[in-house]
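A.B. asks: Generate a structure from the sequence data that follows.
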Amino acid sequence: MYELKTKENDNSVIEFIEQVESPRKREDAYKLLDIFTETTGYKAKMWGPSIIGFGSYHYKYASGHEGDAPLVGFSPRKAKISLYFATGDTVREDLLKEFGKHTTGKACVYINKMADIDVDVLKKLIEHSVAFLRRTYPENN
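C.D. replies: Below you'll find the predicted structure:
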């Protein structure tokens, strides 16, 4: 049986951010921490060794695979900052057009630095992601 590696834990978010080598990326991580906390109303929690998540939901796919994940989150990684929003939300794609300089992966949005993005659009992405996941997985509310 598949064991989910990214689980919520009691590791310190602040200690994790303090270990970020790049001073600019560390400063951006604190800015993101404030924005995500203020926008979601959730306290930041560590998920796995390197994701800072906010809120949580339980998902179950048709395949039977299920687990828990943060509603939204971010990780100040060495190469880029990863932002985690819900996938499958069409509003996300529209908002990303106004977001600023970024790239996308399957589930992540990657930015180099906060100065490259529109913070108001970031807040909208966070709000829409949380609302989308609450609608998609209503049993978690």
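A.B. asks: okay, which residue is most central for the protein?
C.D. replies: Within the chain, the residue whose C-alpha comes closest to the C-alpha centroid is Gly73; the distance, by C-alpha atoms, centre = their mean, is 1.9 Å.
A.B. asks: Next, give phi and psi for it.
C.D. replies: Main-chain torsions, Gly73, degrees, to the nearest 10: phi -180, psi -180.
A.B. asks: any idea where the strands of this structure begin and end?
C.D. replies: 8-9, 44-47, 51-54, 57-60, 66-69, 72-76, 81-84, 103-104, 108-111 (DSSP state E).
A.B. asks: Check which helices and strands the second one sits against.
C.D. replies: Pointing back at strand 44-47 there. strand 8-9, helix 13-18, helix 23-40, strand 51-54 (3 or more C-beta pairs under 8 Å, 6 or more residues apart in numbering; DSSP states H and E). From N, CA and C alone the C-beta is placed, and that goes for glycine too.
A.B. asks: which residues sit against the longest one?
C.D. replies: The set of residues that contact helix 23-40 without belonging to it, under C-beta atoms under 8 Å, 6 or more residues apart in numbering, is 13, 17-18, 20, 42-44, 52, 54-55, 71-74, 76, 81, 83, 113-114, 119, 122-123, 126-127, 130.
A.B. asks: any idea how far Asp118 is from the nearest residue to Asn112 once chain neighbours are set aside?
C.D. replies: With C-beta to C-beta, 6 or more residues apart in numbering as the measure, Lys80 is the residue that lies nearest to Asn112, at 5.8 Å, once sequence neighbours are left out. With distances defined as C-beta to C-beta, to the nearest Å, the gap from Lys80 to Asp118 amounts to 17 Å.
A.B. asks: Settle it for me: which of those two has more neighbours?
C.D. replies: A direct count of neighbours by other C-beta atoms under 10 Å for Lys80 and Asp118 places Lys80 higher, at 18 against 13.
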